[in-house]
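Trainee: this one's structure only:
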């Protein structure tokens, strides 16, 4: 059965962070993001949930955070790994809609 996601994910969002075969709603995604560190939350939101409908570059976020663009890329990678783990763990312990 193909994977169906009930939340509208922004263009460019790493769909590998979503567990295979599961349905997610916006609340589940937001709860998982809320469990990230404050910096990881800011980076994920700026990169994928930006109100301007376009993602910010690593260097732009880095300037605001006071670190390099490379460091922001590393933070984003770790945040996506943590999201993947959180969503996979949560999906195995919660029931899904048919």
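Mentor: Good, I have the coordinates. Because the structure is a prediction, the values reported are computed rather than measured.
Trainee: Look at residue 73 and give its secondary structure.
Mentor: Secondary structure, DSSP: H, G, I helix; E, B strand; the rest coil: residue 73 is helix.
Trainee: OK, contacts around it?
Mentor: The contact partners of residue 73, by Cβ atoms under 8 Å, 6 or more residues apart in numbering, come to residue 58. For glycine as for every other residue, the C-beta is placed from the backbone atoms N, C-alpha and C.
Trainee: Give the residue spans of this protein that score low on pLDDT.
Mentor: 1-24, 53-54, 90-98 (pLDDT under 70).
Trainee: all helices for it, in order.
Mentor: Using DSSP state H, the helices of the chain run over 26-34, 38-48, 58-65, 69-93.
Trainee: what angle do the longest one and helix 26-34 make?
Mentor: Taking axes from the mean of the first three to the mean of the last three Cα atoms, to 10 degrees, one finds that helix 69-93 is oriented at 130 degrees with respect to helix 26-34.
Trainee: Enumerate every residue touching the closest residue in space to residue 78 that isn't next to it in sequence.
Mentor: Spatial nearest neighbour of residue 78, excluding adjacent residues (Cβ to Cβ, 6 or more residues apart in numbering): residue 40 at 6.8 Å. For residue 40, the contact set (Cβ under 8 Å, 6+ apart) comprises 75, 76, 78, 79, 82.
Trainee: Among the helices of the chain, pick out the one with the most neighbours on average.
Mentor: helix 38-48 (a mean of 18; mean count of other Cβ atoms under 10 Å).
Trainee: now that one against helix 26-34, angle please.
Mentor: 130 degrees.
Trainee: Just the angle for helix 38-48 relative to helix 58-65, thanks.
Mentor: 140 degrees.
Trainee: How many residues are close by residue 52?
Mentor: Neighbours of residue 52 under the rule other Cβ atoms under 10 Å: 7.
Trainee: who's in contact with it?
Mentor: By Cβ under 8 Å, 6+ apart, residue 52 has no neighbours at all.
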